[in-house]
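> Model the following, please.
(one chain, ligands or ions: 2)
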Amino acid sequence: MESSSSQRVARIAAHLNPPNFELRREECRAKGGAPGFKVAILGAAGGIGQSLALLMKMNPLVSVLHLYDVVNSPGVTADISHMDTTAVVRGFLGQPQLEAALTGMDLVVIPAGVPRKPGMTRDDLFNINAGIVRTLCEGVAKCCPNAVVNLISNPVNSTVPIAAEVFKKAGTYNPKRLLGVTTLDVTRANTFVGEVLGLDPKMVDVPVVGGHAGVTILPLLSQVKPPCSFTPEETEYLTKRIQDGGTEVVQAYAAAKFADACLRGLKGDAGVVECAFVASEVTELPFFASKVRLGRAGAEEVYQLGPLNEYERIGLEKAKKELAESIQKGTNFIKK
Ligand SMILES: NC(=O)c1ccc[n+]([C@@H]2O[C@H](COP(=O)([O-])OP(=O)(O)OC[C@H]3O[C@@H](n4cnc5c(N)ncnc54)[C@H](O)[C@@H]3O)[C@@H](O)[C@H]2O)c1
Ligand SMILES: O=C(O)C[C@H](O)C(=O)O
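Ligands and ions are numbered 1, 2, ... in the order given. Model (predicted):
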């Protein structure tokens, strides 16, 4: 029995006090309560970072969410932390707090860096974003070398090779745990193909292979599920629209979808398959986007492309030419 209303208020206040709340959560975890995964977002105060933080806070597989940025992360952290879902949110501001942000993380999602302005290609971002990705990946190598890394910062075709070289230098490189995020190409492809076919995009599965820029984005329309066929005009329209989708709109939903797939893989769920830009032997290039099976080790299996039609074979040659240069540019940035 409560002896007075003030005691009752004090008891409720103690429960709502954030440090106590966190303590109870840690105790719960120690007692074997649902542990979840620890996820860091680097660049969490940006356009992608903020929406991604919101979506990850809603993900029941996440128990701890670290939000790091060089600006504004305290405000974003306060905002996200008031959501009534279970993940504990902590904010980190600026380089001196990078190591604390990364220590103990299972998954590190990186949307840090500058975005395109109208008229720019993703490669135009290289000069600024290459250095940002290098610094952040040096932190990952030092503080959470076993984490799965989802690299979103553009140009993905070069930032993934940069990250690989940083990890090689540090002696921590595990190709299964470094994935460039190309999910947005797939969600766009499913949506646009769904429109043409008059189907719910959720029912549509379009493999998109190659890379994440212009002609390196290669939708395999001959392999769409459910099986269907397109006229040459439809093929041309859909391919171009999927390749140019980034000039129409940029969104975090796809990044959250991919991060969720990685967490389901880490948890041990079977049959988690997504397209991603990974170390690959599917072509002669060292990195290539194709369907991968995500598991406890990260990208556990990289699938072959399957049969391509003539249009796709020509597209593949164009994609490989540009991709080879972008990969080399990223590799040289660290090796030189
Ligand atoms: N792969 C994809 O599908 C995909 C999708 C969308 C955006 N992107 C890319 O993601 C990046 C971010 O896009 P945005 O629209 O969120 O840009 P934005 O400018 O809104 O946000 C970028 C954030 O990164 C932060 N940042 C800059 N330097 C940093 C550093 N050294 N450490 C940590 N944080 C740092 C900025 O402070 C900012 O908050 C761009 O490069 C963009 O091209 C990729
Ligand atoms: O296109 C961009 O610049 C951002 C992102 O890569 C996208 O595909 O939307």
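
> what's the neighbour count on the closest residue to ligand 2 within the chain?
Residue of the chain nearest ligand 2, by Cβ to the nearest ligand atom: residue 246 (2.1 Å). Using the backbone N, CA and C atoms, a C-beta is placed for each residue, glycine as well. A total of 20 residues lie near residue 246 under the criterion other Cβ atoms under 10 Å.

> so it sits right up against residue 121, yeah?
No. Look at residue 246 against residue 121 with Cβ atoms under 8 Å: they stay out of range, at 9.8 Å.

> Can you give the distance of the helix or strand that contains residue 193 from its chain's centre?
Element membership for residue 193, per DSSP states H and E: helix 183-197. How far helix 183-197 lies from its chain's middle: 18 Å, per Cα atoms, centre = their mean, to the nearest Å.

> Which residues does it contact?
199-208, 212, 217, 219, 221, 224, 228, 230, 234, 237-238, 241-242, 245-246, 250-251, 253-255, 257-258, 274-276, 289 (Cβ atoms under 8 Å, 6 or more residues apart in numbering).

> what do you get for stretch 175-182?
Where contact means Cβ under 8 Å, 6+ apart, the residues beyond stretch 175-182 that reach it are 146-152, 156-157, 159-160, 163-164, 167, 208, 211-212, 217, 254-255, 258, 262, 275-279, 287, 289, 292, 297-300.

> Under the pLDDT cut-off, which ranges of the stretch 101-250 of the chain? List them.
Nowhere does the stretch 101-250 of the chain drop to pLDDT under 70.

> need the residues of it near ligand 2, please.
By the rule Cβ under 6 Å from any ligand atom, the part of the stretch 101-250 of the chain lying against ligand 2 is 115-116, 122, 154, 184, 212, 246, 250.

> in the stretch 201-336 of the chain, which spans are helices?
Under the criterion DSSP state H, counting those that start in this stretch, the stretch 201-336 of the chain carries helices at the ranges 232-243, 245-248, 253-267, 310-335.

> Quick check: phi and psi on residue 64?
Backbone dihedrals for residue 64, given as degrees, to the nearest 10, come out at phi -130, psi 130.

> For residue 179, see how far away it is.
21 Å (Cβ to Cβ, to the nearest Å).

> Who has more neighbours out of those two?
Higher neighbour count among residue 64 and residue 179: residue 179, with 29 against 21, using other Cβ under 10 Å.

> Now that one: phi and psi?
phi -130, psi 120.

> Show me what it bridges to in the sheet.
Going by DSSP bridges, residue 179 is paired in beta bridges with residue 150.

> Leaving out chain neighbours, which residue sits closest to the residue in the stretch 151-300 of the chain that ligand 1 sits nearest to?
Distances between the stretch 151-300 of the chain and ligand 1 by Cβ to the nearest ligand atom are smallest at residue 154, namely 3.4 Å. In this structure, residue 154 finds its nearest non-sequential neighbour in residue 122, 4.2 Å apart by Cβ to Cβ, 6 or more residues apart in numbering.

> Assess the claim that the one you found and residue 159 are in contact.
No. The pair residue 122 / residue 159 is not scored as a contact, 9.6 Å apart, by Cβ under 8 Å.

> More neighbours: the two, which one.
Comparing residue 122 with residue 159 by other Cβ under 10 Å, the one with more neighbours is residue 159, at 31 against 23.

> winner for burial among the helices of the stretch 201-336 of the chain?
The highest mean neighbour count among the helices of the stretch 201-336 of the chain, using mean count of other Cβ atoms under 10 Å, belongs to helix 253-267: a mean of 21.

> how many other residues sit next to the residue lying closest to residue 238 once chain neighbours are set aside?
Closest residue to residue 238 apart from its sequence neighbours, by Cβ to Cβ, 6+ apart: residue 192 at 5.6 Å. Number of residues near residue 192 (other Cβ under 10 Å) recorded here: 20.

> do you know how far residue 192 is from residue 318?
The gap separating residue 192 from residue 318 is 20 Å, by Cβ to Cβ.
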